[in-house]
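Enquirer: Next come a sequence and a model predicted from it.
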Amino acid sequence: MFVIGIDLSGPSNHKDTAAAFFELAGEELKLLSLESGLSDAGILKLIEKTNGFPLTIGIDSPLSYNDGGGDRPSDRWFRREMVKHGLKSSSIMPPTLTKMVYLTMRGISLAALFERVRTDIRIAEVHPGAAMMTRLSEKEKEHGRLYKKSAESRTYLLQWFESQNILGIPQGQSMTPHEIDAIAAAMAARDWIVSYPKALFPKQPPHHPYDFLC
């Protein structure tokens, strides 16, 4: 089985799109590749590598929107729960917010594309920051708050991922926050399928067809 974690950016910003591609063995994720600067076609090539094998994808992007705008029920619930774990409430934004709308558009489009090319795929909307903050100890949470700006915190998290049964991550080299988020997205997707995620708001089809989790 394969797991892919995707930190998505808007459709014109390939530079900040990263994907972590793993093989799942038991509860261990073994890194096969970590790529940045991915277009839709580049992500699709990763998925095509898994043809014939089960595949789960965790995408850091809204995969639906609320009719009429504003928060989805999942956004309100997730924001309330994640504040308890030290996450800023502003890290969970309505999908139709001006700064979010192009990301939401790309996320919905890609999820539909993935399901057209693979009928046996499992897709979840994930929040990488929440995935880390719900698993880090109280002493470690500062790294979960600072990693987007601090290279030291990113280095710490790369080592910490090994304690979460995520193997093969190169140590001693710099990584972007987007690559960290892609790894964390895969971690959340792994726990969704092998045990249980730290938080889950179940899908509400037809308008909200994917679980939202961390």
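Expert: Great, that's in hand.
Enquirer: When you work out contacts or count neighbours from here on, use the C-alpha atoms and nothing else.
Expert: Noted.
Enquirer: what helix or strand does the most centrally placed residue in the chain sit in?
Expert: Nearest to the mean C-alpha position of the chain, counting by CA atoms, centre = their mean, stands Ala185 at 2.9 Å. Using DSSP states H and E, Ala185 falls within helix 177-194.
Enquirer: got any ranges where this protein has weak pLDDT?
Expert: Applying pLDDT under 70 to the chain picks out no residues at all.
Enquirer: So which residues of it form strands?
Expert: Secondary structure of the chain by DSSP state E: the strands cover 2-7, 18-25, 28-36, 55-60, 121-126, 166-167, 200-201, 212-213.
Enquirer: The first one - contacts with which helices or strands?
Expert: Put plainly, it is strand 2-7. Contact analysis of strand 2-7 by 3 or more CA pairs under 8 Å, 6 or more residues apart in numbering; DSSP states H and E lists strand 18-25, strand 55-60, helix 177-194 as its packing neighbours.
Enquirer: And for the longest one?
Expert: Contacts defined by 3+ CA pairs under 8 Å, 6+ apart place strand 28-36 against strand 18-25, strand 166-167, helix 177-194.
Enquirer: So for Gln204, which of these sits nearest?
Expert: In terms of CA to CA, the element of the helices and strands packed on strand 28-36 nearest to Gln204 is helix 177-194, at 17.0 Å.
Enquirer: got the angle between the closest one and strand 18-25?
Expert: Here helix 177-194 runs at an angle of 30 degrees relative to strand 18-25 (axes from the mean of the first three to the mean of the last three CA atoms, to 10 degrees).
Enquirer: May I see the buried residues of helix 177-194?
Expert: Neighbour counts over helix 177-194 (16 or more other CA atoms under 10 Å) mark 177-192 as buried.
Enquirer: Residues contacting that helix, please?
Expert: Helix 177-194 is contacted by residues 3-7, 16-22, 24, 27, 29, 34-36, 56-60, 124, 126-129, 131-132, 147-148, 154, 157-158, 166, 197, 213-214 when judged by CA atoms under 8 Å, 6 or more residues apart in numbering.
Enquirer: change it to 6 Å
Expert: Applying CA atoms under 6 Å, 6 or more residues apart in numbering, the contact partners of helix 177-194 are 4-7, 18-20, 58, 128, 131, 148, 197, 214.
Enquirer: C-alpha coordinates for it, PDB please?
Expert: Provided in PDB are the C-alpha atoms of helix 177-194 (Å, rounded to 0.1, in the frame of the first residue of the first chain):
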ATOM      1  CA  PRO A 177       7.900  24.100   5.700                       C
ATOM      2  CA  HIS A 178       5.900  22.800   2.700                       C
ATOM      3  CA  GLU A 179       7.900  19.600   2.800                       C
ATOM      4  CA  ILE A 180       7.400  19.200   6.500                       C
ATOM      5  CA  ASP A 181       3.600  19.700   6.000                       C
ATOM      6  CA  ALA A 182       3.600  17.100   3.200                       C
ATOM      7  CA  ILE A 183       5.200  14.500   5.600                       C
ATOM      8  CA  ALA A 184       2.700  15.400   8.300                       C
ATOM      9  CA  ALA A 185      -0.200  15.100   5.900                       C
ATOM     10  CA  ALA A 186       1.000  11.500   5.100                       C
ATOM     11  CA  MET A 187       1.300  10.800   8.800                       C
ATOM     12  CA  ALA A 188      -2.300  11.800   9.400                       C
ATOM     13  CA  ALA A 189      -3.500   9.800   6.400                       C
ATOM     14  CA  ARG A 190      -1.600   6.700   7.700                       C
ATOM     15  CA  ASP A 191      -3.300   6.900  11.100                       C
ATOM     16  CA  TRP A 192      -6.700   7.300   9.400                       C
ATOM     17  CA  ILE A 193      -6.300   4.000   7.700                       C
ATOM     18  CA  VAL A 194      -4.300   1.900  10.200                       C
END
